[in-house]
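Asks: Okay, here's the prediction I keep looking at, along with the sequence it came from:
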Amino acid sequence: MTSSSQPARPEPSPDPSADSPPAISLRGVVKRFGDITAVNGLDLDVPQGVVLGLLGPNGAGKSTTMRILTAQSTVDEGHVSVLGHPIPQKSKWARSLMGVVPQHDNLDEELTVEENLRSFTYLYRVPRRERDAAVERALRIAHLEHRRHEFTEKLSGGMRRRLLIARGLVHRPRVLLLDEPTVGLDPQVRQELWGLISALRDEGVTVLMSTHYIEEAERLSDEVALMAKGRIVERGEPADLIAKYAGKTVEEYQIGAEGVEELEKVIHHAGFTTRRTGSTLSVLRAEELPDSLRDRLGTGMRRASNLEDVFVTLTGETVE
Amino acid sequence: MTATENTTVDRPRPGGFEFAPVLGILAREWALYRRTWAPITFSSIVEPVLYLLAFGMGMGALVGSIGGYDYIEFLGTGIVAISALFTSMFPGLINTFVRRRFQHTYEGVLAAPVDVRELVTGEALWLGLKAGVYGCAPLLVAFGFGLDPVWPMLFVPVIAAATGFGFALFGILLSAIIPSIRMADYVISGVITPIFLVAGTFFPIDQLPEWAQTAAMANPLYHCVELIRGCAFGIEALTALGHVAVLVGFAVVVWVLAVHQMQRRLID
């Protein structure tokens, strides 16, 4: 995990979903594009007031899932609902209660910051008497009050992303979909956006966030759903998943190609899980390694376990 | 200030086809237009002036009169239709393609409570309104070249807007058919050019071979031209109604086709 200037993630608030239906529900969802099955029997509930990180590599089906929720992709099988409204039958109702931050930057370049927000107050049917206040609120969320009259083409990448998020919030939605919110941004800008998303969680907005950044999922999500090949392979609080599948620490050993398979067999026989990346052999749950095995492995580099280790353990694939 | 405070605000509830999202599209277009009106207005006025100068004065000297009218009067009324066509079909084709494929604009719009029917209607309505306004520019220019203003010409903006609405939809339909922006050249040369040449704009269609006359009769722009000339020079009510029926029928058919094709492109 990289170091960060962000404050530590607060404890998740008490489960507000105990008595309420899920904000988002996908049951047995299948979506095919010709011979390719992008989403393959997806079951996923997102309780109200929770930030759920949908973590998986490119091609796992995350963006297709997001498109299904906005009815821009229709399912071949299964049932989808948002806040109790079935998709696609009542998708306009659902979309009026949902904000969407797309992966692709689709701000209007010929409009100013304020005009971009205002044009979406019309599309989201914010009542006329509330439009000015809605725009002001969104500008404050994006910290762009002082840039309101600037054309979006003059904004930095981070400002544009903040504006996209604020645009998705201009109608005060109950659910926010964030599709790879920080993809392609530099680390400093990513930190900025994490602060903004953290604030949303603290305010009780239900957020479904797709990402392939491990650190993003770990820091921002109350729960993480690991997605591979179009389905959820495991789900839970990041710390619980890491503890369950990867233990506290991982030890990484630089090894040659010779004898590596034999070495792995020995480690597996002792009940430990390994992952291999090039010439690096990582042993999960390393804090439990017996001295006899440690002596055989030699000196390794110890680090904290993370969701990537969990993902690799469960799927054999890497996320980032 | 929070992102979601007062979420119980009373808002209109979305249902089937609604005009609220159409108005939302129009509001967005108006915001964009406020930034781009100058070059659009410039070309809308300069182009017909050049046409009238080049064809009216050049050709007019050779042709003299057509059907009892000075050629410049004949041409001035025809160019109104061309202006309506260009103002609507070009952006319907190009802008729609760019917004869909490159700018991902419609992804954002359709994430809001807007459906494809409303999106297509809003885009076409805006272009139709523009065609109604800019279609009048050549008429105003033609007044300077000697065309007499008469009261029925007050219908011209309505005719140009209705024509523009239909051709904007036609442009949107074709934008959703062509697989790449380069293919737009085929549409411009193979579809738009014949439409404005074989419509009685520069010359009467009875000068054409019979098959071309039949093609012209099927061309909605011809009916727009006839209506505008009717406003300027007089027309029988029944004949006018026939032309109106063709324009309305054209708009309805291309609306259905454009919505269907855009649905296929935007919803997978």
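Replies: Everything's here; your move.
Asks: Give the other helices and strands that the lengthiest helix in chain A contacts.
Replies: For chain A, the longest helix by residue count, based on DSSP state H, is helix A:187-202. Where contact means 3 or more CB pairs under 8 Å, 6 or more residues apart in numbering or on different chains; DSSP states H and E, helix A:187-202 is packed against strand A:51-55, helix A:157-168, strand A:206-211, helix A:214-220. (C-beta placed from N, C-alpha, C; glycine too.)
Asks: quick one: strands adjacent to the first one?
Replies: Just to be clear, that refers to strand A:51-55. strand A:206-211 (parallel), strand A:223-228 (parallel) (DSSP bridges).
Asks: Now the element after the last one, going C-ward?
Replies: Put plainly, it is strand A:223-228. strand A:231-236 (DSSP states H and E).
Asks: got the CA coordinates for that next one in CSV?
Replies: Output of strand A:231-236 as CSV, limited to C-alpha atoms (Å, rounded to 0.1, in the frame of the first residue of the first chain):
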residue,chain,number,x,y,z
ARG,A,231,-19.3,-12.7,-11.9
ILE,A,232,-18.7,-11.9,-8.3
VAL,A,233,-16.1,-14.4,-6.8
GLU,A,234,-16.1,-13.0,-3.3
ARG,A,235,-17.4,-10.1,-1.3
GLY,A,236,-16.9,-8.6,2.1
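Asks: Return the mean pLDDT over it, rounded to an integer.
Replies: Taken as a whole, strand A:231-236 has an average pLDDT of 93.
Asks: Rebuild the helices and strands packed on helix A:187-202 as JSON lines, extending it with mean neighbour count.
Replies: Converted to JSON lines, the helices and strands packed on helix A:187-202 look like this (neighbours: other CB atoms under 10 Å in any protein chain shown):
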{"stretch": "strand A:51-55", "mean neighbour count": "27"}
{"stretch": "helix A:157-168", "mean neighbour count": "23"}
{"stretch": "strand A:206-211", "mean neighbour count": "26"}
{"stretch": "helix A:214-220", "mean neighbour count": "22"}
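Asks: okay if I get those as TSV plus distance to B:Cys136 and mean pLDDT?
Replies: Shown next, in TSV, are the helices and strands packed on helix A:187-202 (distance: least, CB to CB, whole Å; pLDDT from 0 to 100):
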stretch	distance to B:Cys136	mean pLDDT
strand A:51-55	53	93
helix A:157-168	36	91
strand A:206-211	50	93
helix A:214-220	55	87
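Asks: how near is the closest residue in space to B:Ser65 that isn't next to it in sequence to chain A?
Replies: Ranked by CB to CB, 6 or more residues apart in numbering or on different chains and with sequence neighbours excluded, the top spatial neighbour of B:Ser65 is B:Tyr71, at 6.3 Å. From B:Tyr71 across to chain A, the span is 40 Å (CB to the nearest CB, to the nearest Å).
Asks: and B:Tyr71, what does it touch?
Replies: B:Gly56, B:Met59, B:Gly60, B:Val63, B:Gly64, B:Ser65 (CB atoms under 8 Å, 6 or more residues apart in numbering or on different chains).
Asks: Look at the third one and say how many residues are nearby.
Replies: As a burial measure, the neighbour count of B:Gly60 was computed by other CB atoms under 10 Å in any protein chain shown and equals 19.
Asks: shouldn't it be in contact with B:Gly76?
Replies: No. Look at B:Gly60 against B:Gly76 with CB atoms under 8 Å: they stay out of range, at 10.4 Å.
Asks: quick one: low-confidence parts of chain A?
Replies: Low-confidence segments of chain A (pLDDT under 70): A:1-19, A:257-258, A:317-320.
Asks: mind giving me the domain ranges of it?
Replies: Split into domains by automatic domain parsing, chain A comes to A:24-242, A:248-304.
Asks: okay, how far is it across the shortest one, tip to tip?
Replies: Using CA to CA, to the nearest Å, the span of domain A:248-304 from its first residue to its last is 6 Å.
Asks: Please state the offset of that domain from the chain centre?
Replies: 30 Å (CA atoms, centre = their mean, to the nearest Å).
Asks: mind showing which ranges of chain B have poor pLDDT?
Replies: Applying pLDDT under 70 to chain B picks out residues B:1-15.
Asks: what residue lies at the spatial centre of it?
Replies: Centroid-nearest residue in chain B, with CA atoms, centre = their mean: B:Gly164, separated by 2.1 Å.
Asks: thought that residue was touching B:Gly132?
Replies: Yes. Between B:Gly164 and B:Gly132 there is a contact at 6.4 Å, judged by CB under 8 Å.
Asks: Find residues that contact each of the two.
Replies: B:Ala84.
Asks: Next to chain B, which bits of the stretch 1-150 of chain A? Give me the list.
Replies: A:33, A:67, A:70-74, A:92-93, A:95-96, A:98, A:100, A:102, A:104-106, A:108-111, A:115, A:118-120, A:122-127, A:130, A:137, A:140-141 (CB under 8 Å from any CB of the partner chain).
Asks: So which of the residues you listed are in helices?
Replies: Reading helices off the residues of the stretch 1-150 of chain A next to chain B with DSSP H, I get A:67, A:92-93, A:95-96, A:115, A:118-120, A:122-123, A:130, A:137, A:140-141.
Asks: Now list the buried members of these.
Replies: Buried by 16 or more other CB atoms under 10 Å in any protein chain shown: A:67, A:92-93, A:95-96, A:115, A:118-120, A:122-123, A:130, A:137, A:141, out of these.
Asks: Can you add distance to A:Leu26 and give those back as a markdown table?
Replies: Compiled in a markdown table, those are given as follows (distance: CB to CB, whole Å):
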| residue | distance to A:Leu26 |
| --- | --- |
| A:Arg67 | 12 |
| A:Lys92 | 19 |
| A:Trp93 | 17 |
| A:Arg95 | 16 |
| A:Ser96 | 20 |
| A:Glu115 | 35 |
| A:Arg118 | 33 |
| A:Ser119 | 30 |
| A:Phe120 | 26 |
| A:Tyr122 | 30 |
| A:Leu123 | 25 |
| A:Glu130 | 32 |
| A:Arg137 | 31 |
| A:Ile141 | 28 |
